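*Asks:* pasting the sequence and the predicted model now:
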Amino acid sequence: MESIKLNRDQKKPSKKSVISLMAPEMLARIRSLGLRIRQARIHRKWRQEDLVSRSGFSRSTIDAIERGEPGTAISSYLHVLWIMGLDRELDLIADPGLDREGLSLAFSVKEKRVRIPTKVDNDF
C-alpha cells in the first residue's frame, strides 16, 4: 500500500490524499451506505430539512452523507444512523468474536507474540 507523504507544515494528510489511497470496493461501499441512509430517510417520510433539524448538521453535510462522500466524517454517518435508529448493528463491526481470521490466529499453535524476524549472527 502506498504511504502518504506530509509537508513540514502539514499536521495530517489531506482528505484528497487519503481518498486516493482507498480501494474502489471501499468507495463503492461508502456510496452504497449513503444511498441506504437516503432510502431510510425517505421511508420515514422525512425531508432533508427534517434530518438537518434533528441532527444539527448543515444541509450540505446531509447531502454529502446521502451521496456517500468518502471525505465526510465517519462520526457524521454514525450520528445520522443513530438518529434513524439504525445504529444497533454497529456493534457487530470488527467484533472480535466474529473475526474468523483473528480467532484462527489466536488459537493457532504458532508463537503468540508478534516478533520481527531477525537474522542470527553466530559469527564469533
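*Replies:* Great, that's in hand. Everything numeric here is computed off the predicted structure, so don't read it as measured data.

*Asks:* so what's I65 up against?
*Replies:* 34, 37, 57, 72, 76-77, 80 (C-beta atoms under 8 Å, 6 or more residues apart in numbering). Where C-beta positions appear, they are placed from N, C-alpha and C, glycine not excepted.

*Asks:* what is the neighbour count of F57?
*Replies:* For F57, the count of nearby residues is 19 (other C-beta atoms under 10 Å).

*Asks:* check it and give its pLDDT.
*Replies:* Looking at F57, its pLDDT is 97.

*Asks:* from M22, how far off is it?
*Replies:* Distance of F57 to M22, given as C-beta to C-beta, to the nearest Å: 23 Å.

*Asks:* residues near the closest residue to G68 other than its chain neighbours, how many?
*Replies:* Excluding its sequence neighbours, the residue lying closest to G68 (C-beta to C-beta, 6 or more residues apart in numbering) is G34, at 2.8 Å. If you count neighbours by other C-beta under 10 Å, G34 ends up with 21.

*Asks:* the helix or strand harbouring R41: which residues count as buried?
*Replies:* R41 is part of helix 24-43 when elements are defined by DSSP states H and E. For helix 24-43, burial by neighbour count (16 or more other C-beta atoms under 10 Å) applies to 30, 34, 37-38, 40-41.

*Asks:* next: stretch 51-66.
*Replies:* By neighbour count with 16+ other C-beta under 10 Å, stretch 51-66 contains the buried residues 51-52, 55, 57, 61-66.

*Asks:* so for the residue nearest to G68, what's the pLDDT?
*Replies:* For G34, the predicted pLDDT is 97.

*Asks:* this completes my enquiry, with thanks.
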